[in-house]
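Participant: Only the shape, not the letters, is given here:
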Ligand SMILES: Cc1cc2nc3c(=O)[nH]c(=O)nc-3n(C[C@H](O)[C@H](O)[C@H](O)COP(=O)(O)O)c2cc1C
């Protein structure tokens with residue numbers, strides 16, 4: 001009797017509980033995609049080309065065997081040049097002053113630059129350290145006018161979409177002070193375009209593959225050295241990261257699947273009326289912590 005009198009109460013409680021569980025599970029399903037898309041939206045500078053297919057291509061190209069590195073290598077004496085403390089201070093100051101004059105220049109003239117200089121700055125970049133000395137870089141130097149124009153067409157087409165759709169309002173607004181947009185005349189005018197590819201793994205002549213440890217960090221360091229070498233000879237460039245252009249440019253340049261475009265550097269002299277944004281750099285106290 002008591003039980004049957006309480007039955008409607010139990011039924012009501014169970015219904016309310018089912019309702020709560022149902023509602024909260026529906027909310028979770030609704031929240032999930034918006035959380036993911038928010039994450040994607042908030043990091044649009046992570047180039048899809050760089051995170052997409054590294055693994056995919058490794059799988060695609062999975063027939064080759066992997067080869068370890070030669071561990072039978074001689075160790076030889078090494079005694080680099082040593083300077084007096086006075087000389088060290090002088091050299092460090094002079095080098096800083098040289099590099100402090102480096103600016104990203106987006107107005108590059110078509111005045112020719114000797115090829116030998118380009119060979120030398122790339123040789124210099126090739127002195128970079130790399131994970132387990134794997135040297136995971138390819139520097140593609142484009143001097144052919146027609147090829148430069150094809151590169152410009154691809155980049156401007158993708159960049160217009162980047163600016164209008166992919167980058168988002170905040171990024172586009174943040175770039176306003178630099179006065180950049182998707183029109184990149186320097187891709188035609190610069191005597192050289194250097195496209196730097198990171199090799200996500202190595203391919204040996206016998207088809208075997210080798211692991212390229214820390215390949216992106218290694219290639220980024222090499223690019224820093226390249227920028228320094230360009231500054232040393234009085235040439236200018238702008239460090240550019242053509243977002244979502246990697247696969248099209250890789251195919252256009254006939255590069256293999258283990259290579260991913262990291263940076264594009266147009267190289268030459270600045271035009272006579274070139275301008276740069278009036279930026280300042282952080283003082284030492286803001287960038288150095290001594291413990
Ligand atoms: C990783 C990286 C990506 C960059 N991408 C671009 C780019 O796509 N287009 C561009 O015009 N400048 C690009 N820049 C250049 C920066 O805007 C520039 O370095 C910055 O404004 C500081 O100016 P400065 O190089 O003259 O010191 C890039 C710089 C870095 C380091």
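Facilitator: Received, thanks. Keep in mind that what you see is a predicted model, and the values were worked out from it rather than measured.

Participant: Would you point out which residue is most central in the chain?
Facilitator: residue 262 (4.3 Å; Cα atoms, centre = their mean).

Participant: Which residue ranges of the chain form strands?
Facilitator: 137-142, 192-199, 201-203, 209-211, 259-267 (DSSP state E).

Participant: any idea of the mean pLDDT in the longest one?
Facilitator: Average pLDDT, strand 259-267: 98.

Participant: try the second one
Facilitator: For strand 192-199, the mean pLDDT works out to 98.

Participant: Spell out which strands sit alongside it in the sheet and which way each one runs.
Facilitator: strand 137-142 (antiparallel), strand 259-267 (antiparallel) (DSSP bridges).

Participant: Tell me which of those sits most buried.
Facilitator: Highest mean neighbour count of these: strand 259-267, a mean of 23 (counted as mean count of other Cβ atoms under 10 Å). For glycine as for every other residue, the C-beta is placed from the backbone atoms N, C-alpha and C.

Participant: for that strand, the distance to its chain's centre please.
Facilitator: 8 Å (Cα atoms, centre = their mean, to the nearest Å).

Participant: what do you get for stretch 206-213?
Facilitator: Distance, centroid of stretch 206-213 to centroid of chain: 22 Å (Cα atoms, centre = their mean).

Participant: mind showing which ranges of the stretch 101-250 of the chain have poor pLDDT?
Facilitator: Applying pLDDT under 70 to the stretch 101-250 of the chain flags no residue at all.

Participant: Which positions in it make contact with the ligand?
Facilitator: Counting by Cβ under 6 Å from any ligand atom, the stretch 101-250 of the chain comes close to the ligand at 103, 104, 106, 178, 180, 238, 239, 240, 241.

Participant: and residue 288, how many residues sit next to it?
Facilitator: Using other Cβ atoms under 10 Å, residue 288 is surrounded by 8 other residues.

Participant: Outline the domain layout of the chain.
Facilitator: For the chain, automatic domain parsing gives the domain ranges 1-41, 47-55+87-277.

Participant: so which of the ones you listed is the most packed in?
Facilitator: Ranked by mean neighbours (mean count of other Cβ under 10 Å), those are led by domain 47-55+87-277, with a mean of 17.

Participant: picking that back up, isn't the residue nearest to the centre of the chain right up against residue 194?
Facilitator: No. The pair residue 262 / residue 194 is not scored as a contact, 11.1 Å apart, by Cβ atoms under 8 Å.

Participant: The stretch 101-250 of the chain: helices as residue ranges?
Facilitator: For the stretch 101-250 of the chain, the helices defined by DSSP state H, counting those that start in this stretch cover 115-125, 145-161, 169-175, 186-189, 215-232, 246-252.

Participant: Quick one: list the elements packing against the shortest one.
Facilitator: With contacts defined as 3 or more Cβ pairs under 8 Å, 6 or more residues apart in numbering; DSSP states H and E, the secondary structure elements packing on helix 186-189 are helix 145-161.

Participant: before we move on, what about the second one?
Facilitator: Using 3+ Cβ pairs under 8 Å, 6+ apart as the contact criterion, the secondary-structure elements in contact with helix 145-161 are helix 186-189, strand 192-199, helix 246-252.

Participant: Not counting that helix itself, show me its contacts.
Facilitator: 142, 181-184, 187-188, 190, 193, 195, 242-245, 248-249, 252-253, 264 (Cβ atoms under 8 Å, 6 or more residues apart in numbering).

Participant: again with the fourth one
Facilitator: The contact list for helix 186-189 (Cβ under 8 Å, 6+ apart) reads 106-110, 145, 148-149, 151-152, 155-156, 193, 238, 266, 268, 271.

Participant: Mind doing that once more with 7 Å?
Facilitator: 106, 107, 108, 109, 110, 148, 149, 151, 152, 155, 193, 266 (Cβ atoms under 7 Å, 6 or more residues apart in numbering).

Participant: Wait, the last one touches residue 235, no?
Facilitator: I take that to be residue 266. No. The pair residue 266 / residue 235 is not scored as a contact, 10.2 Å apart, by Cβ atoms under 7 Å.
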